[in-house]
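> have a look; sequence and predicted model below, questions after that.
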Amino acid sequence: MEPITRGMVINDVIKKFPQTIRVFNEYKVDSCCGGGAPIETTAKRDGVDVEALMKALNEAAPKTG
């Protein structure tokens, strides 16, 4: 199971997995002003490929279980 899902709030993801801030920056996802919204909402607003972003975030996050 993926540790990060598209419905998770960006700020929560960064708090839990600090290494993901690099991914949000690479994809130019607004993790500051858009940080209080779900990943999918902010990524779509910023014109980002949600699937590619999710893949990169989950590769950056440590595996659990």
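It's in.
> quick one, longest helix in the chain?
The longest helix of the chain (DSSP state H) is helix 50-60.
> can you list the low-confidence ranges for this protein?
Low-confidence segments of the chain, defined by pLDDT under 70: 1, 64-65.
> quick one: the strands in it, in order.
Per DSSP state E, the chain carries no strands over any range.
> and the helices in it?
Under DSSP H, the chain gives helices at 10-16, 21-26, 39-45, 50-60.
> the shortest one: how far from the chain's middle?
Just to be clear, that refers to helix 21-26. Its chain's C-alpha centre and that of helix 21-26 lie 8 Å apart, by C-alpha atoms, centre = their mean, to the nearest Å.
> show me what the longest helix of the chain is packed up against.
Packed against helix 50-60, as judged by 3 or more C-beta pairs under 8 Å, 6 or more residues apart in numbering; DSSP states H and E, are the following elements: helix 21-26, helix 39-45. Any C-beta I mention is one placed from the backbone N, CA and C, and that applies to glycine too.
> between the helices of the chain, which gets nearest to Ile4?
helix 50-60 (4.8 Å; C-beta to C-beta).
> name the residues of that closest one that are buried.
For helix 50-60, the neighbour count (16 or more other C-beta atoms under 10 Å) marks Val50, Leu53, Met54, Ala56, Leu57, Asn58, Ala60 as buried.
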